Structure formats: C-alpha cells, structure tokens
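# Give me a 3D structure for the following:
(one chain, ligands or ions: 2)
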Amino acid sequence: MATIKAAILGFGTVGQGIYHILNEKREDLRKKLGVELEVAKILVRDTSKERVPGTRHLLTDNIEDCLSVKGLQVVFEAIVGEEPAYTYLKKAIMNKCHVITANKVMFAKYGLELQELAKQHGVFVGYEATVAGGVPVIKTMKNLLLVNDISKIQGILNGTCNYILTKMRAEGWSFDEALKEAQALGYAEADPYMDISGQDAFKKLMVLSALAFGEQPNWDEVKVVGIEDITPEQVRKAKEKGLRYRHVAEVEKLPDGTIFAQVGPMLVSKEHPLYPIDDVFNAVTMETNYIGTLTLVGPGAGMYPTASVMVEDYAEIIGKRAGFVVTI
Ligand SMILES: NC(=O)C1=CN([C@@H]2O[C@H](COP(=O)(O)OP(=O)(O)OC[C@H]3O[C@@H](n4cnc5c(N)ncnc54)[C@H](OP(=O)(O)O)[C@@H]3O)[C@@H](O)[C@H]2O)C=CC1
Ligand SMILES: N[C@@H](CC=O)C(=O)O
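Numbers count the residues shown, from 1 in each chain. Ligands and ions are numbered 1, 2, ... in the order given. Reported below is the predicted structural model:
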C-alpha cells in the first residue's frame, strides 16, 4: 500500500488535534482511502517544549526539514499570522504538495492567490478550518455555488466572543474570567485581542466573501467593532429586557454590485435566529436564490472540531486524487 508523507506546521491546540485524529483514525482512513499516512515532520518554534509523548523525534524549528522530506505530499498548516505561513505554503505548493490550513489571518489575505498557484501546480488547498471551526461552511458553500448565487452571509464567526458573552449573561462571569476560560479551553487565538477586537471574525468574513463573491470589500472601509467594551451592566440590562448580545459579521452583495461588510455586537430578541446560539457555537446564514435561506450551526473553535475538518479536507483531497470523490 502506498504511503503519503505529511508535515504538520504548528503543534499547539490545532496541530496536536490533527496528530491525535490521524492516529486515532489511522486504520479507518487507510481502509477508506487505500493509502497509509505518515506524519514525517512537525514544525514548531521551540523544540524543547514538552508536547505529545512520542513526537519529540518529529519536531523541528526549520521549515526546510519539513519541505525537504522525500515524497512529501501534504502540508497541514496551523501556525499563527500572515508570515511566515504564507511563504511556507507558497513553497509547499510550488513543491507540488497539497496544503490544508486553519490560518485565516494568512488566508484572508492570500487565499485567492494560493488557490490560483495550487491550480497551476496541480495540487489542492483545503481551508475548511479557516472559518467557523467544525462547521462545514466552506464545503457547503462550494456545493451551493454550483447552482445558487449567494447574496448575503450573516453569522457568529468567533467562538471566543460568543463564549464570553454567554458566560457573562448566563453565569454572571466577568469578561476576564470568561476570556481566561476560553483560553484554557483552546478557543482563543494566541493573541486573544484578535478575538475580542473583532479582527478574527473579520478575517473569516473576508474568506467567505472571496468564496461567495470572488472578491472582498476594501478592508479599510469595513467597520469592525469587538466586544471588549461591553460591560456586565449592559449584559445584565439586556437580559432583563429579554435581549442577548451577539457578535455578528455580515457581508452582502448590493444590487449595484458593490460588496458591503460589517462586524460588531448586536442585541437580538428571541425571534432572531442567532438568539439561541450559545457558548462556543457559531452560526452562518446564507441567503441564496434557489434554496432560500440556509443556516449552519456548530462548534466554532477548539482542538477536535477544528482538527476534524482539516483531516476531512485531507480525506477529500486524497479521495479526489484517486478519483472517487466528486464534490469540488
Ligand atoms: N484554536 C482554535 O480553535 C482554532 C485555531 N485556528 C487557527 O489555527 C492556527 C493555530 O491555532 P492554535 O493551534 O490555537 O495556536 P497555538 O498557539 O496553540 O499553536 C500555534 C503553534 O504554531 C507554532 N508556531 C507559531 N508561529 C510559528 C512560526 N513562525 N514558526 C513555527 N511554528 C510556529 C507554535 O510553536 P511553539 O509551540 O513552539 O510556540 C505552536 O506550536 C491559528 O492560525 C489559528 O487562528 C483556526 C480555527 C480554530
Ligand atoms: N479564536 C477563534 C478560533 C477559531 O477560529 C474563535 O474563537 O473562533
């Protein structure tokens, strides 16, 4: 049986999740895909940190050790920020590797370019994990777009913000307590300001805009507001009135063809579809011409939901290569 060699870039919450799932599902994936997968290298910054037992020999802090693995075919990327992730993935694609990323900060900016480059080199880019954690919004949207036009997308795209707002309302926790717990649970970004400032939701929205409309609005013209100024008093008063705070991102193609987007907190009443979406859950509503309105709901962050969709991307890509999966 053929063996596919893979590298994992980043071995924090998401990278370790990928490793665990690949191990736990090794036999199953082998049967379903007809190939063995071997994780040949793992890139980190600090190779001395104690991590998953039995992986020390795989760790390196040098990307060339990863990209020079003989027969490398797949790169899972779960590091942080635009660079060096963009440069690494570009190199991997040019070396004819499939790449699978969770890094929305990098992908919001370079996603269209990397996908074009991948096309030129005959490889695939999986990016389900860049938006809404374990919610299969990218593959759903790709399928919808085969037939439908999407006119508007609205949703809760940051699990950490939703977790914080939920805990403040339902448990009376302080903002800081809730953020600390979101970090402990692996939901928050390495720099949690990305979450609470709305920047993380904005980057995810830009990934969705590129997919749905083939373009993004001018980033400088998008109003992005976070949740960091919402006080316990405001949350309490809203609750008394039967309202809930939600952090909502939306992007819309206007009749004149321009793309309008905004990100910020919103007060919703119990009639609103986002009212019941609590905890780390995300929800994404798409308005389409034939299906009408479709909403996906599920865990928006965390080790296993995020890693699961990355391994699904791997299975889909390898299946496609073998000619037995027919989705895009
Ligand atoms: N956590 C989540 O729920 C989700 C996260 N994501 C995205 O996945 C990515 C990873 O997130 P997460 O696992 O939570 O982050 P962590 O901070 O837990 O892990 C990041 C990992 O990347 C490594 N790393 C960071 N920068 C570099 C670099 N320049 N070179 C080599 N290695 C580097 C770190 O190495 P070291 O350990 O040595 O410091 C660490 O192992 C991010 O882009 C995030 O936005 C996407 C969806 C959900
Ligand atoms: N920090 C992000 C992680 C997933 O993308 C979030 O909380 O949603």
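
# pLDDT weak spots in the protein?
Counting by pLDDT under 70, the ranges of the chain that qualify are 322-328.

# other SSEs contacting the helix ranked longest in it?
Looking across the chain with DSSP state H, the single longest helix is helix 303-322. Contact analysis of helix 303-322 by 3 or more CB pairs under 8 Å, 6 or more residues apart in numbering; DSSP states H and E lists helix 13-24, helix 26-33, strand 72-77, strand 98-101, strand 125-126 as its packing neighbours. From N, CA and C alone the C-beta is placed, and that goes for glycine too.

# With respect to ligand 1, which of these lies nearest?
Ligand 1 lies closest, by CB to the nearest ligand atom, to one member of the helices and strands packed on helix 303-322: helix 13-24, at 3.5 Å.

# ok, the longest helix of the chain near ligand 1 or not?
Yes. Helix 303-322 is in contact with ligand 1 by CB under 6 Å from any ligand atom, via Thr306.

# Just the buried positions in that helix, please.
Using 16 or more other CB atoms under 10 Å as the test for burial, helix 303-322 gives 303-319, 321.

# residues making contact with that helix?
Residues outside helix 303-322 that contact it (CB atoms under 8 Å, 6 or more residues apart in numbering) are 4, 6, 13-14, 16-18, 20-22, 25, 29, 32-35, 37, 74, 76, 78, 98, 100, 102, 124, 126-129, 133-134, 136, 139, 186, 298-299, 325, 327.

# if we look at ligand 1, which of those are close to it?
13-14, 78, 102, 129, 133, 186.

# Now that we have these, can you turn them into CSV and tack on neighbour count?
Formatted as CSV, these follow (neighbours: other CB atoms under 10 Å):
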residue, neighbour count
Thr13, 20
Val14, 28
Ala78, 25
Ala102, 30
Ala129, 30
Gly133, 30
Gly186, 17
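
# Looking at these, which two lie furthest apart in space?
Ala129 and Gly186 (13.4 Å; CB to CB).

# Need phi/psi at the residue sitting nearest the centre point of the chain.
Against the mean C-alpha coordinate of the chain, by CA atoms, centre = their mean, the closest residue is Thr130 at 2.2 Å. Main-chain dihedrals, Thr130, degrees, to the nearest 10: phi -70, psi -20.

# hmm, back to that, return the distance of the longest helix of the chain from the chain's centre.
The chain centre lies 13 Å from the centre of helix 303-322; the measure is CA atoms, centre = their mean, to the nearest Å.

# Output it in CSV with nothing but the alpha carbons.
Below are the C-alpha coordinates for helix 303-322, written out as CSV (Å, rounded to 0.1, in the frame of the first residue of the first chain):
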residue,chain,number,x,y,z
MET,A,303,-8.9,21.3,19.2
TYR,A,304,-11.1,18.5,17.9
PRO,A,305,-13.7,20.3,15.8
THR,A,306,-11.0,22.3,14.0
ALA,A,307,-8.7,19.4,13.5
SER,A,308,-11.5,17.2,12.4
VAL,A,309,-12.4,19.4,9.4
MET,A,310,-8.7,19.5,8.5
VAL,A,311,-8.5,15.7,8.4
GLU,A,312,-11.7,15.7,6.4
ASP,A,313,-10.0,18.1,3.9
TYR,A,314,-7.1,15.6,3.7
ALA,A,315,-9.5,12.7,3.0
GLU,A,316,-11.4,14.7,0.4
ILE,A,317,-8.2,15.7,-1.4
ILE,A,318,-6.7,12.2,-1.4
GLY,A,319,-10.1,10.7,-2.5
LYS,A,320,-10.3,13.3,-5.3
ARG,A,321,-6.8,12.4,-6.4
ALA,A,322,-7.8,8.7,-6.5
